[in-house]
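Colleague: Show me how the following folds:
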Amino acid sequence: FVLVTHEMNFARHVADEIACIADGEVVAHGSGKEMFSNCPSPRMRSFFESILA
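Modeller: Alright, predicted model coming up:
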């Protein structure tokens, strides 16, 4: 199923896969572990680092 949330700590713990959408486009997609530890998108990596620090 699909769950939409802005709660990144929640998503980190419950999601098998995460898709990051910015300006109406998917800018990053991968496993929860990958998205939070080594996100391929510089924009999303910076976002995760700023909110999870």
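Colleague: Just the CA coordinates for stretch 24-39, please, in CSV.
Modeller: As requested, the backbone C-alpha atoms of stretch 24-39 are provided in CSV (Å, rounded to 0.1, in the frame of the first residue of the first chain):
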residue,chain,number,x,y,z
GLY,A,24,5.7,17.0,-8.8
GLU,A,25,8.5,14.7,-9.8
VAL,A,26,10.0,11.6,-8.2
VAL,A,27,13.6,12.8,-7.4
ALA,A,28,14.8,9.7,-5.5
HIS,A,29,13.5,6.2,-4.9
GLY,A,30,14.9,3.3,-3.0
SER,A,31,14.8,1.2,0.2
GLY,A,32,14.3,3.1,3.4
LYS,A,33,17.8,2.2,4.5
GLU,A,34,19.3,3.6,1.3
MET,A,35,17.3,6.8,1.3
PHE,A,36,18.4,7.7,4.8
SER,A,37,22.0,6.5,4.7
ASN,A,38,23.1,7.1,1.2
CYS,A,39,20.4,8.9,-0.8
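Colleague: Give the buried residues for that stretch.
Modeller: 27, 28, 30, 35, 36, 39 (16 or more other CB atoms under 10 Å). From N, CA and C alone the C-beta is placed, and that goes for glycine too.
Colleague: Please, which helix or strand holds the first one?
Modeller: Assessed by DSSP states H and E, residue 27 sits inside strand 25-31.
Colleague: can you list the residues that contact that strand?
Modeller: 16, 17, 18, 19, 20, 21, 35, 39, 40, 41, 43, 44 (CB atoms under 8 Å, 6 or more residues apart in numbering).
Colleague: same thing with stretch 37-47?
Modeller: Defining contact as CB under 8 Å, 6+ apart, one finds that stretch 37-47 is touched by 20, 22, 27, 28, 30, 34, 35, 48.
Colleague: Since that was my last question, I'll sign off now.
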